[in-house]
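Chemist: Structure for the following, please:
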Amino acid sequence: MEFTVKRTAQITGVLLLAAAISQAIYTALYLSEADVPRQLLWGTEGILFVIMAAFAGSALAQSDRHHLAWAAITAAALLNVVQVGVGLTMFGPFFEASGAVDGMAPAARAVVAFSFMLYNAAKVLLALALLVFGLARLDAGSQLLGGASALVALIALAGNAASMAAGRDVFGDLPLAGGSGVIATALLAVCLLTWPADER
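Modeler: Here you go, the predicted model:
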C-alpha cells in the first residue's frame, strides 16, 4: 500500500476523529458521575496519538503545502502522548500520597495542573492546524466548512491560550477551552477526511 498525501491525511483524520470521540465519551461519563474507565480511554488515546504523530510527521515531509498545519498536528500528538502518560502514571500515586502524607496535596495539584497545561497546549496547536486548513478551504471556495473551521479554530485557540496563560479555571464552570478544543479536533478530522484529490 502506498501512503500518498491524501491517504496519509485521511488516516490522520480518522485518528483525530477517534480521539475527539474518546474525549467526548470521557467528559460525558465524568459529568454524569459514572465510573470512568480511565485506563481504557486514556490508554486508547495514547495509542491514537502515537500513531498520529507518525502519520502527521509523514505528511509534513510529503506535502507541498500546509507545513505549519502538519507540524502543529505532529507536535500536538506528541504533547498529548505526554499528557496522557502523566494522567495514567502519576495521578493515582500522587493523590494516594496526598491522602496519606501531610503536605503532599500541593504536589498532587501541581501534577494535574501540568497535565492540563499540556492538554491546552496541544489544543492550541490543533486549533492552529484547523485555522490553516480552514483558510485553505475558504480559498478553494468551500464557504461552509472553511468558514466554520476558521471560526471554531479562533475560539479554540483563544480559549486554550487563555487557559494556559491565566489558569484552567479562568472561565469558571464554562468549558470553553476543552469544549471548543474537542469541536476543533472533530472539524480538523472532517477537513482531512475530505482531502481534495488534487491537493498535495
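
Chemist: list the buried ones in the strand or helix carrying A107?
Modeler: In this assignment (DSSP states H and E), A107 forms part of helix 105-139. By neighbour count on 16 or more other Cβ atoms under 10 Å, the buried set for helix 105-139 is 108, 111-112, 115-138. Just so you know, the C-beta spots here come from the backbone N, C-alpha and C atoms, and that holds for glycine as well.

Chemist: pLDDT weak spots in this structure?
Modeler: Along the chain, the model assigns pLDDT under 70 to residues 1, 172-174, 197-200.

Chemist: How are the helices of it distributed by residue range?
Modeler: With helices called from DSSP state H, the chain shows them at 5-31, 38-62, 67-100, 105-139, 143-166, 176-193.

Chemist: Packed most tightly, which of those helices would that be?
Modeler: Neighbour counts (mean count of other Cβ atoms under 10 Å) averaged over each of these peak at helix 176-193, with a mean of 22.

Chemist: my guess is V86 contacts F114, does it?
Modeler: Yes. Between V86 and F114 there is a contact under Cβ atoms under 8 Å: 6.4 Å.

Chemist: number of nearby residues for S32?
Modeler: 9 (other Cβ atoms under 10 Å).

Chemist: Report the contact partners of the residue positioned nearest the centre of the chain.
Modeler: In the chain, the residue lying closest to the centroid (Cα atoms, centre = their mean) is K123, at 4.7 Å. Neighbouring residues of K123 by Cβ atoms under 8 Å, 6 or more residues apart in numbering: 76, 156, 160, 177-178, 180-181, 184-185.

Chemist: any chance of these in TSV, plus distance to A9?
Modeler: Converted to TSV, these look like this (distance: Cβ to Cβ, whole Å):
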residue	distance to A9
A76	15
A156	20
N160	23
A177	26
G178	25
S180	23
G181	21
A184	17
T185	15
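
Chemist: which among the residues you listed gets closest to V14?
Modeler: Comparing these against V14 with Cβ to Cβ picks out T185 as the nearest, at 12.3 Å.

Chemist: How about the contacts made by that closest one?
Modeler: Contact analysis of T185 by Cβ under 8 Å, 6+ apart lists 16-17, 19-20, 23, 123, 126.

Chemist: Recalculate using a threshold of 7 Å.
Modeler: Residues in contact with T185 (Cβ atoms under 7 Å, 6 or more residues apart in numbering) are 16, 19-20, 126.

Chemist: Skipping its backbone neighbours, what lies nearest L17 in space?
Modeler: Closest residue to L17 apart from its sequence neighbours, by Cβ to Cβ, 6 or more residues apart in numbering: A189 at 3.8 Å.

Chemist: err, L29, not the other one
Modeler: V36 (4.7 Å).

Chemist: just checking, the one you found touches A28?
Modeler: No. The criterion here is Cβ atoms under 7 Å, and V36 misses it with A28 at 9.7 Å.

Chemist: Noted, bye for now.
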